[in-house]
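*Asks:* A predicted structure for the sequence below; I have some questions about it.
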Amino acid sequence: METITSRTNPLCTHLRKLAASASYRRSCGEFLCDSPKLLEEALLWGADLHTVVCTDPSALPALPEAVRCVQVPPDLMKSISPAQTPQGVLAVCGLPDQALPETLEGRRYAVLDGVQDPGNVGTILRTADAFHADGLFLVNACADLYNPKTVRASMGAVFRCPVWACTLSALRGLLTKSGLPLYGAALRADTVDVRRADIARCAVAIGSEGKGLSAEVLEACDLTVKIPMSDHCESLNAAAAAAVLLWEAARDD
């Protein structure tokens with residue numbers, strides 16, 4: 001196992017850039033995981049694991065021989081970890097292929113429209129995975145899936161549930177080709193109570209935290225649905241709305 005003690009070591013610089021920049025992550029084809037839990041999930045689900053950095057090698061699980069292993073002192077870990085309270089383990093994984101498939105073989109997908117909070121995107125991905133969604137689409141400048149905050153909030157779902165970032169036109173074309181309707185969580189003339197809508201086989205769109213669904217996504221929807229709630233409540237947080245909709249869609253599984 002290597003030992004690194006200098007903050008200016010090239011690996012340390014690389015880790016900081018992975019944590020800070022989506023364009024850097026894309027250019028080098030890697031992303032950062034910042035906890036023992038995420039390392040365990042990466043190993044369990046066969047992620048492309050490149051490098052592991054730790055403060056205590058004895059706490060590491062068995063790693064493939066090809067993985068680069070590096071030990072650093074706690075003060076150096078604090079300088080390279082994106083977490084305010086580092087958990088002593090960082091892992092670098094290769095970015096998976098995010099090319100859109102030719103057709104969608106699954107029954108149920110979630111679509112996020114301009115959801116910019118990394119924690120919400122990660123939580124919704126975790127929720128989609130929990131309720132057996134077949135994938136997640138990100139349109140209109142959502143938070144980067146591989147932001148460390150997004151990855152952390154996914155609790156390992158980033159390794160299990162397919163995610164694609166694409167344009168709305170590409171998404172609409174793929175859904176049409178696959179025979180899947182697009183339903184939106186919004187209010188308009190055709191809106192129905194989600195409890196009376198058949199959402200077991202569809203893609204359901206959730207809008208941003210402050211603005212809801214964009215006009216272009218709303219126009220692309222075949223139907224809109226609403227979550228019944230108290231009259232004095234205007235809306236739910238994007239992650240909460242996604243949880244209700246995905247649970248409702250999965251009820252008859």
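*Replies:* Cool, got the structure.

*Asks:* Roughly how far does the residue nearest to residue 184 when sequence neighbours are not counted sit from residue 168?
*Replies:* Nearest-residue entry for residue 184: residue 221, 3.8 Å, with adjacent residues in sequence omitted and distances by C-beta to C-beta, 6 or more residues apart in numbering. In this view, the C-beta of every residue, glycine as well, is placed from N, C-alpha and C. For residue 221, the distance to residue 168 under the criterion C-beta to C-beta, to the nearest Å works out to 11 Å.

*Asks:* Looking only at neighbour counts, state which of those two leads.
*Replies:* Each of residue 221 and residue 168 had its neighbours counted (other C-beta atoms under 10 Å), and the higher figure belongs to residue 221 (22 against 19).

*Asks:* what does the model give that one for pLDDT?
*Replies:* At residue 221, the model reports a pLDDT of 93.

*Asks:* list the contacts for it?
*Replies:* For residue 221, the contacting residues are 182, 183, 184, 186, 205, 213, by C-beta atoms under 8 Å, 6 or more residues apart in numbering.

*Asks:* Please report how far the fifth one lies from residue 21.
*Replies:* For residue 205, the distance to residue 21 (C-beta to C-beta) stands at 28 Å.

*Asks:* what helix or strand is residue 19 on?
*Replies:* Under the criterion DSSP states H and E, the helix or strand holding residue 19 is helix 10-20.

*Asks:* Provide the contact partners of that helix at residue level.
*Replies:* Counting contacts by C-beta under 8 Å, 6+ apart, the residues outside helix 10-20 that touch it are 4, 6, 24-25, 28, 30-32, 34, 51, 53, 70, 72, 76, 79-82, 90, 92, 148.

*Asks:* Residue 205 and residue 21: which has the busier surroundings?
*Replies:* Applying other C-beta under 10 Å to residue 205 and residue 21 shows that residue 205 carries more neighbours, namely 30 against 14.

*Asks:* Now do the phi/psi pair for that one.
*Replies:* The phi and psi torsions at residue 205 (degrees, to the nearest 10) take the values phi -100, psi 130.

*Asks:* Low-confidence stretches in the stretch 1-150 of the chain?
*Replies:* Within the stretch 1-150 of the chain, no range satisfies pLDDT under 70.

*Asks:* Would you map the strands across it?
*Replies:* 2-3, 30-33, 49-54, 68-71, 89-94, 108-113, 136-139 (DSSP state E, counting those that start in this stretch).

*Asks:* Spit out the contact partners of residue 8.
*Replies:* Here residue 8 is in contact with no residues (criterion: C-beta under 8 Å, 6+ apart).

*Asks:* Can you select the buried ones from the contacts of helix 10-20 in ChimeraX?
*Replies:* Buried members of those can be picked out in ChimeraX with the line below, counting by 16 or more other C-beta atoms under 10 Å:
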select :4,25,30,31,32,34,51,53,70,72,76,80,81,82,90,92,148
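
*Asks:* okay, stretch 201-215 in CSV with CA atoms only?
*Replies:* As requested, C-alpha coordinates have been extracted for stretch 201-215 and formatted as CSV (Å, rounded to 0.1, in the frame of the first residue of the first chain):
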residue,chain,number,x,y,z
ARG,A,201,-46.4,1.8,-16.6
CYS,A,202,-45.2,5.3,-17.5
ALA,A,203,-42.5,7.9,-17.0
VAL,A,204,-43.4,10.4,-14.3
ALA,A,205,-41.9,13.9,-14.3
ILE,A,206,-41.1,15.9,-11.2
GLY,A,207,-40.2,19.5,-11.4
SER,A,208,-37.6,21.7,-9.7
GLU,A,209,-37.8,22.7,-6.1
GLY,A,210,-39.0,26.3,-6.7
LYS,A,211,-40.6,26.3,-10.2
GLY,A,212,-42.2,22.9,-10.6
LEU,A,213,-42.3,21.5,-14.2
SER,A,214,-41.1,23.7,-17.0
ALA,A,215,-43.5,24.8,-19.7
